[in-house]
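# I need the structure of the sequence given here:
(one chain, ligands or ions: 1)
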Amino acid sequence: MASFEETAGSVNIADNVQSIQEGIKQAARRVGRDPSTIRCVAATKTVSSGALLRAYEAGVRIFGENRLQEAQEKMPAIGIRQGLAWHFIGRMQSRKLKDIVGKFALLHSVESLEQARKIECIAEKFGIQQEILLEVNVAGESSKGGFSCTNMQDALVQIDQLPHVAFRGLMTLPPFSDNPEGARPYFSELRQLRDSFVQQSFSHGRVEELSMGMSHDYQVAIEEGATMVRIGSALFGKRA
Ligand SMILES: *Cc1c(COP(=O)(O)O)cnc(C)c1O
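Purely as a prediction, here's the structure:
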């Protein structure tokens, strides 16, 4: 029997999880990639803990939160579960960093050197190493934070000197376009940027992951090399 929430929202999360998994496989196969190298991060903003549990039961293993306060409510409600990881995928305000660092396995959207240095200070105090991705503002939009493609080399060298911060790759949010193909050039550019650093050796950082693609364009992102896609509405239904 369907729960009230499922009936009311006419959203079947288990079906959605299956169709996203199928979509990931198909997109990967079109370009000769191994689908197991692509991870789905469920974008959980506004989604209830009950819906998250259903997603977990259906096989989702990474929850990506945008809002610290929401995460602080949902994390204890979900509790510790086999294989489950929480990522932070939203913009991070300075004053909230002390509550973000160490609580999330991966921070997707580190947007400046200054922010990386603040994370370093907090991680050092906690005696941990925080894994991060660097957000790249590929289109140079003034409304968005992030590194530019041209200052990435310098940023990587500097962040690699921070012992408690470990970069693992790049993330982007391309300019909005209804048409998934509209994002392709930005995804492609991020992949080329990643490829230009893949051979470079760092002390403890690595530039491997590409976090790009959302509900409407994740297949295009995978065709262009995404290793993590961040999917919200296609899993949980339209947000209010
Ligand atoms: C909400 C969100 C997503 C997912 O968006 P959908 O279009 O619902 O899939 C991905 N990334 C970030 C940073 C988000 O805030």
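
# skipping adjacent residues, who's closest to Ser109 in space?
What sits nearest to Ser109 in space, not counting adjacent residues and going by Cβ to Cβ, 6 or more residues apart in numbering, is Glu135, at 4.3 Å. For the C-beta atoms, the positions are set from N, CA and C on the backbone; glycine is no exception.

# was I right about that neighbour contacting Gly169?
No: the criterion here is Cβ atoms under 8 Å, and Glu135 misses it with Gly169 at 10.8 Å.

# can you list the buried residues in the longest helix seen in the chain?
If you go by DSSP state H, the chain has its longest helix at helix 13-30. Residues of helix 13-30 classed as buried: 13, 16-17, 20-21, 23-25, 27-28 (neighbour count, 16 or more other Cβ atoms under 10 Å).

# which residues make contact with it from outside it?
Under the contact criterion Cβ atoms under 8 Å, 6 or more residues apart in numbering, helix 13-30 has outside partners 6, 34-35, 37-38, 40, 51, 54-55, 57-60, 218-220, 222-223, 229, 231, 234-236.

# hey, C-alpha coordinates of that helix in CSV?
Below are the C-alpha coordinates for helix 13-30, written out as CSV (Å, rounded to 0.1, in the frame of the first residue of the first chain):
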residue,chain,number,x,y,z
ILE,A,13,10.9,7.3,-5.3
ALA,A,14,11.9,3.6,-5.8
ASP,A,15,10.7,3.8,-9.4
ASN,A,16,12.6,7.1,-9.9
VAL,A,17,15.8,5.7,-8.4
GLN,A,18,15.5,2.8,-10.9
SER,A,19,15.0,5.0,-13.9
ILE,A,20,17.9,7.3,-12.9
GLN,A,21,20.1,4.3,-12.6
GLU,A,22,19.0,3.1,-16.0
GLY,A,23,19.6,6.6,-17.4
ILE,A,24,23.1,6.7,-16.0
LYS,A,25,23.8,3.3,-17.6
GLN,A,26,22.5,4.3,-21.0
ALA,A,27,24.4,7.6,-21.0
ALA,A,28,27.6,5.9,-19.9
ARG,A,29,27.3,3.2,-22.6
ARG,A,30,26.7,5.8,-25.4
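
# against which helices or strands is the next helix-or-strand element following that helix packed?
Sequence-wise, the next helix or strand downstream of helix 13-30 (DSSP states H and E) is strand 39-43. For strand 39-43, the contact count by 3 or more Cβ pairs under 8 Å, 6 or more residues apart in numbering; DSSP states H and E identifies helix 13-30, strand 62-65, strand 228-231, helix 233-236 as packing neighbours.

# give the pairing partners of strand 39-43; include direction for each.
strand 62-65 (parallel), strand 228-231 (parallel) (DSSP bridges).

# and the first one, does that touch the ligand?
No: using Cβ under 6 Å from any ligand atom, we find that strand 62-65 stays clear of the ligand, coming within 6.9 Å at best.
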